[in-house]
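> Quick check, what structure comes out for this input:
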Amino acid sequence: MSEKKDMEENIFLIEKAKKAKENSYSPYSNFKVGAALLTENNKIYTGCNIENSSYGATICAERTAFSKSISDGEKKFKKIAIASDLNDLTFPCGICLQVISEFMPKGKIILQDKNGDIKIYAVSELLPCAFKL
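Here you go, the predicted model:
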């Protein structure tokens with residue numbers, strides 16, 4: 001894939017993640033997060049964070065997207081974009097990084113900063129010592 005086409009794809013995923021965050025159910029933190037996950041079959045699955053008054057039952061946007069896609073039979077992924085209402089990068093939490101590492105250890109994590117610049121990280125950069133059996 002050309003660098004230009006790859007960047008267009010990244011921008012498209014960021015926009016999908018931004019749209020997904022609008023469906024966030026976050027009455028406790030008021031911290032809306034959206035994710036857009038790209039499969040190797042070029043399907044996009046989105047997710048948002050879904051909070052619960054029993055905080056342990058909360059599910060992050062990234063894991064929501066993975067749950068939806070895996071439930072549909074998708075198990076190979078290329079990249080995931082994450083967006084929030086922060087004015088800076090929103091990195092996945094540790095649990096999400098472990099899930100991301102399970103299903104796309106060679107994948108990319110796409111984030112956008114407050115200036116609109118896109119930052120791309122390899123999963124292994126953000127979780128260099130992932131748990132593996």
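> Every contact and neighbour count from this point should use C-alpha atoms.
Will do.
> Residue 18 - how many residues pack around it?
Residues near residue 18, counting by other CA atoms under 10 Å, number 23.
> Can you say which helix or strand has it in it?
Following DSSP states H and E, one finds residue 18 within helix 3-21.
> Tell me the buried residues in that helix?
Neighbour-count burial for helix 3-21, with 16 or more other CA atoms under 10 Å as criterion, is recorded at 10, 11, 13, 14, 15, 16, 17, 18, 19, 20, 21.
> swap in stretch 73-87?
74, 77, 78, 79, 80, 81, 82, 83, 84, 85.
> Residue 111 sits in which helix or strand?
strand 108-112.
> same question but for residue 125, I mixed them up
helix 123-126.
> Now find how far off-centre that helix is within its chain.
13 Å (CA atoms, centre = their mean, to the nearest Å).
> tell me what that helix is packed against?
Packed against helix 123-126 by the contact rule (3 or more CA pairs under 8 Å, 6 or more residues apart in numbering; DSSP states H and E) you find helix 94-103.
> Dump the buried residues of helix 3-21 into a markdown table; add pLDDT and distance to residue 42 as well.
Below are these laid out as a markdown table (pLDDT from 0 to 100; distance: CA to CA, whole Å):
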| residue | pLDDT | distance to residue 42 |
| --- | --- | --- |
| 10 | 97 | 12 |
| 11 | 97 | 15 |
| 13 | 98 | 11 |
| 14 | 97 | 15 |
| 15 | 97 | 16 |
| 16 | 98 | 14 |
| 17 | 97 | 15 |
| 18 | 96 | 19 |
| 19 | 98 | 18 |
| 20 | 98 | 18 |
| 21 | 97 | 21 |
